[in-house]
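>>> just a sequence and a predicted model for now, questions to come.
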Amino acid sequence: LNNLKGKDFLTLADFSTEEILALLDLAIELKAGKGPQKPLAGKTLGMIFQKSSTRTRVSFEVGMLQLGGHPLFLSNNDIQLGRGETIYDTAKVLSRYVDAIMIRAHGHEQVEELAKHADIPVINGLTDTYHPCQALADLQTILEHKGRLKGLKVAYIGDGNNVAHSLMIGCAKVGIDVAIATPAGYEPDAKIVERAKLIAQAHGSSVVVTNDPVEAAKNADVLYTDVWASMGQEAEQEKRVKDFAGYQIDSQLCSHAKPDFIFLHCLPAHRGEEVSAEVIDGPNSVIFDEAENRLHAQKAIMVACLS
Ligand code: CP
Ligand code: NVA
């Protein structure tokens, strides 16, 4: 992990399998209360939020404190970025004050631009295209519950956007077969699918994109879904509920997965839309372990990139 020092964390595609597995080891070590004590003493993390957040905000803030550092919550409404100050100037100025920046933004290119001009590591806390911190925590959760990663099958059923993209890349990197089922018109980005397929090929696994939820769920070790209308798509809510009919993860769909499957959801969730209450609150659901692991996975990222 030594060579991650100073590196940005924008997408898992930028990291080798060995680096991802090492981050997972460190996350599990930190979760057990082992590992370096207060490795970020005296360090500061600026956290820019252009969208709402419960898990990302609280887990980064608490994680930074537990590592001995200090987090600063920077709401887009309160900093000058929200009034039109450029990303370039924001990057340059924050680089003179803090040791790293976490940003939750709309366009992924905004985060890339921030990272390009900042002299400090930038961590992606979700864009419209990627959610790599989530995917790392998801892999940690799968590893903890299944005891392995390589050779498993993950099925994602729902909207083919940020969470699906990062899950696809993360799974491909560690040799998990991944199947994504979406309604027509909501497929994942074709370029990202291509990239994930190439990565999967190199690790002996596969990436399948389909419009058939049953095909995806068949024999899966993990069933995963996310909201049908993401942040910024509130106006499309009604149309999306119609378009996604038949894509709910309910008991019927779960019957196609392995009997000991686990259910994951990045949260927040809408019971009765993308998942039935019976499934998300049922015995196979490990959503709160998953949410907890955001804390441990992100602490591992911060230790690796900052200490
Ligand atoms: N899963 C996730 O990123 O949750 P928040 O939007 O609450 O941060
Ligand atoms: N796809 C969701 C994920 C939230 C964590 C969104 O972008 O709103």
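Good, I have the coordinates. Residues are numbered from 1 along each chain as shown. Ligands and ions are numbered 1, 2, ... in the order given.
>>> residues contacting stretch 190-204, please?
With Cβ atoms under 8 Å, 6 or more residues apart in numbering as the test, stretch 190-204 has contacts from 13, 17, 129, 150, 165, 168-169, 171-175, 177-178, 187, 206-207, 209. Heads up, the C-betas are built off the backbone N, CA and C, glycines and all.
>>> ok, now with 10 Å
With contact meaning Cβ atoms under 10 Å, 6 or more residues apart in numbering, stretch 190-204 is reached by 11-13, 17, 129-130, 150-151, 160-161, 164-178, 180, 187-189, 205-209.
>>> mind checking which of these are in strands?
Judged by DSSP state E, the subset of the contacts of stretch 190-204 located in strands is D177, V178, I180, V207, V208, V209.
>>> ok, so what distance separates the second one from ligand 2?
By that I understand V178. Distance from V178 to ligand 2, counting by Cβ to the nearest ligand atom, to the nearest Å: 17 Å.
>>> pLDDT score assigned to the residue nearest to that residue when sequence neighbours are not counted?
Using Cβ to Cβ, 6 or more residues apart in numbering and skipping the chain neighbours, the partner closest in space to V178 is C171 (4.2 Å). At C171, the predicted lDDT confidence score is 98.
>>> check contacts around C171.
Taking Cβ under 10 Å, 6+ apart, we find C171 in contact with 12, 135, 138-139, 142, 149, 152-154, 156, 177-179, 196, 199-200, 203, 205-207, 222, 224.
>>> show me which of these are buried.
The neighbour-count test (16 or more other Cβ atoms under 10 Å) applied to the contacts of C171 identifies 12, 135, 138-139, 142, 149, 152-154, 156, 177-179, 196, 199-200, 205-207, 222, 224 as buried.
>>> where does the stretch 1-150 of the chain get nearest to ligand 2, residue-wise?
Closest to ligand 2 within the stretch 1-150 of the chain is L126: 5.8 Å, counting by Cβ to the nearest ligand atom.
>>> can you say which of the contacts of stretch 190-204 are buried?
When these are checked for burial by 16+ other Cβ under 10 Å, the buried set is 11-13, 17, 129-130, 160-161, 164-178, 180, 187-189, 205-209.
>>> which of the contacts of C171 fall within helices?
Members of the contacts of C171 lying in helices (criterion: DSSP state H): A135, D138, L139, I142, A196, I199, A200.
>>> and which of those is nearest to ligand 1?
The shortest approach to ligand 1 among these belongs to D138, at 9.9 Å (Cβ to the nearest ligand atom).
>>> wait, what's in contact with D243?
D243 sits next to D159, T182, P183, A184, G185, Y186, W228, E236 when contact means Cβ under 10 Å, 6+ apart.
>>> per-residue confidence at it?
Taken from the predicted model, the pLDDT recorded for D243 is 98.
>>> ditto for L306
The confidence metric pLDDT takes the value 96 at L306.
>>> numbering from 254 from now on, please.
Taking 254 as the first residue, the last one we looked at is L559.
>>> quickly list what the residue lying closest to it once chain neighbours are set aside is bridged to.
Once its chain neighbours are removed from consideration, L559 has its nearest residue in A353; the separation is 5.2 Å (Cβ to Cβ, 6+ apart). Beta-bridge partners recorded for A353 (DSSP bridges): L298.
>>> A353 reaches G322, doesn't it?
Yes. Taking contact to mean Cβ atoms under 10 Å, the distance of 8.9 Å between A353 and G322 places them in contact.
>>> now render the ones in helices among the contacts of C424 as CSV, adding distance to ligand 1.
Below are the ones in helices among the contacts of C424 laid out as CSV (distance: Cβ to the nearest ligand atom, whole Å):
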residue, distance to ligand 1
A388, 11
D391, 10
L392, 14
I395, 16
A449, 20
I452, 23
A453, 24
